[in-house]
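Okay, here's the prediction I keep looking at, along with the sequence it came from:
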Amino acid sequence: MPPAEAGSAAAAPAAASRGDARDWRFVVASAIGMLLFGLLLRYVAHLHTGGQPGLAAYAVALCRWDCLWYVDIATGGYDPHPNNEGQAAWAFFPMLPLLLGLAQRLSGLTGPLAGMGLGAFAIGAAAVASWPLFAGDRRAYLVATVLLLAGPGAVYFTTGYSESLFVLFTVLAFVALQRSDYAAAGLATACLSATRLVGIVMVIVIVLHAVLAARRAGCRWRDVPAALLGDGRLFFGVALAPLGLFAYMAFLYLTVGDALAFMRAQEAWGRYLDWPWLQLWEGLTSSFLAYVIWSISAVVGLLLAALLLARRRTTEGLFCGLGLVIPLSSGVISMPRFIAGQFPFYLLLAQAASRRGWHAILAGLTGVALGYLSALGWLSDVSYLT
């Protein structure tokens, strides 16, 4: 090779490396900056609603509803008996209380402070880890980061809820699938299925990804089953994926004698199994405003999932669609929170809004405004945000 060509070949990897380094500096700076901005935004809402100054008071104000259950489990473990209202801790999956208890012991912080810190770390890590999903599109990434960390759903991510962990493990699973790393995707899914029941949907997504990858590689439909069964990496990943759920079921069987106690416990919160469309119709026609808002939120989420499918983003659309239909089959309660935890929606909206610069600015400003309003509602005990 002539000296000039050799120098050019050597310079190309170096330039690519510098470009990658600049990208990651941008990603980390954007994530940290928006995470702090979102926390500050909600702190202003805390003061606006009459909250006391200070980080401890702020964390206590954010920790309400399910957060109190998670803190109680992290501190004292799962109570084998329901409370006086028939509500049992079994409804809450173990990944968050395990990590929250560990964070409390290592830091010495109170439950609400540890929950806020753990949530902030998890959602910040999710924002950084998601960069490969944006294919180098900085503008889309920035819009997604604003929506994720300071938008209307951001209030759920630093309040001691499991949504921040759910987003993190979702992102890690999809990033692993982008590389067809089925072992890493299976490990992320095991954590996902230990965080919330609907995390088990990622098992189907892993298999579907493998099917689509085989088809793209030219495999005929009749040969796909044999190709999948012969892929040891896929088999290992799928075997790993449900271990989080299975471990929790085994724990419940050994402690309360019912492996499905997490499902039966839902009845104490007014949840009961029925066809999702019947639950949706009942909510839409309810005389209670909260049920109507929850139902409208469910419709919006299902439309976004359908849009993902229409754009041939099959694995993302399936994950989000089933991730909403499954909880919808037990009622419309908490649908805004379930929608907030679906990372592919942020990716979809950010990519749509970033086609023009002014669209991106408008999306960011709208997201921040809605983020502040949702924080005001949360801190004012608005029921439809639970």
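On my side now, so go ahead.

Excluding residues flanking it in the chain, which one is nearest residue 339?
With Cβ to Cβ, 6 or more residues apart in numbering as the measure, residue 301 is the residue that lies nearest to residue 339, at 4.1 Å, once sequence neighbours are left out. For the C-beta atoms, the positions are set from N, CA and C on the backbone; glycine is no exception.

For the one you found, what is the enclosing helix or strand?
Using DSSP states H and E, residue 301 falls within helix 289-310.

Quick one: name whatever helix or strand follows that helix.
Sequence order places helix 314-328 as the next helix or strand after helix 289-310, per DSSP H and E.

counting contacts, what elements does that following helix pack onto?
The helices and strands touching helix 314-328, judged by 3 or more Cβ pairs under 8 Å, 6 or more residues apart in numbering; DSSP states H and E, are helix 163-178, helix 201-216, helix 276-284, helix 289-310, helix 335-340, helix 343-353.

Need those helices in CSV (columns: distance to residue 75 and mean pLDDT).
Shown next, in CSV, are the helices and strands packed on helix 314-328 (distance: least, Cβ to Cβ, whole Å; pLDDT from 0 to 100):
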stretch, distance to residue 75, mean pLDDT
helix 163-178, 18, 98
helix 201-216, 30, 97
helix 276-284, 34, 97
helix 289-310, 30, 97
helix 335-340, 23, 97
helix 343-353, 30, 97
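
Among those helices, which comes closest to residue 325?
For residue 325, the closest of the helices and strands packed on helix 314-328 is helix 276-284, at 5.2 Å, according to Cβ to Cβ.

ok, and what's touching the closest one?
For helix 276-284, the external contacting residues (Cβ atoms under 8 Å, 6 or more residues apart in numbering) are 291-292, 294-296, 298-299, 325, 328-332.

Report the buried members of the residues you listed.
Of all these considered here, the ones buried according to neighbour count by 16 or more other Cβ atoms under 10 Å are 291, 292, 294, 295, 296, 298, 325, 328, 329, 330, 331, 332.

now the strands for the stretch 101-250 of the chain?
Along the stretch 101-250 of the chain, no segments are classed as strands by DSSP state E, counting those that start in this stretch.

for the helix or strand residue 71 falls within, packing partners?
Under DSSP H and E, the secondary-structure element containing residue 71 is helix 66-76. The contact analysis (3+ Cβ pairs under 8 Å, 6+ apart) places helix 66-76 against helix 95-107, helix 111-129.

Just send those back as a markdown table, with distance to residue 315 and mean neighbour count too.
Putting these into a markdown table (distance: least, Cβ to Cβ, whole Å; neighbours: other Cβ atoms under 10 Å) gives the following:
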| stretch | distance to residue 315 | mean neighbour count |
| --- | --- | --- |
| helix 95-107 | 22 | 18 |
| helix 111-129 | 17 | 23 |
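
contacts for the helix holding residue 71?
Judged by Cβ under 8 Å, 6+ apart, the contacts made with helix 66-76 from elsewhere in the structure are 63, 89, 92, 94, 96-98, 100-101, 104, 111-112, 114-115, 159-162, 386.

re the thing from before, test my guess that the residue nearest to residue 339 contacts residue 345.
Yes. A contact is recorded between residue 301 and residue 345 when judged using Cβ atoms under 8 Å, the distance being 7.5 Å.

Can you pull the residues that touch both of these two?
Shared between the contact lists of residue 301 and residue 345 (criterion: Cβ under 8 Å, 6+ apart) are residues 320, 339.

hmm, back to that, so which of the helices and strands packed on helix 314-328 is nearest residue 154?
Ranking these by proximity to residue 154 (Cβ to Cβ) places helix 335-340 first, at 7.9 Å.

Put the alpha carbons of that closest one into CSV.
Written as CSV, here are the backbone C-alpha positions of helix 335-340 (Å, rounded to 0.1, in the frame of the first residue of the first chain):
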residue,chain,number,x,y,z
MET,A,335,-53.2,3.7,32.1
PRO,A,336,-51.3,7.0,31.9
ARG,A,337,-48.5,5.5,34.0
PHE,A,338,-48.4,2.3,31.8
ILE,A,339,-48.1,4.5,28.7
ALA,A,340,-45.3,6.6,30.2
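
now that helix, how far from the chain's geometric center?
10 Å (Cα atoms, centre = their mean, to the nearest Å).

what does stretch 146-156 rub up against?
Here stretch 146-156 has contacts from 31, 34-35, 37-38, 41-42, 62, 123-124, 126-127, 157, 163-164, 167, 336-337, 339-341, 343, 346, 349-350, 363-364, 367-368, 370-371, 373-375, 378, 385, using Cβ under 8 Å, 6+ apart.

of those residues, buried ones?
Among those, those classed as buried by neighbour count (16+ other Cβ under 10 Å) are 31, 34-35, 37-38, 41-42, 62, 123-124, 126-127, 157, 163-164, 167, 336-337, 339-341, 343, 346, 349-350, 363-364, 367-368, 370-371, 374-375, 378, 385.
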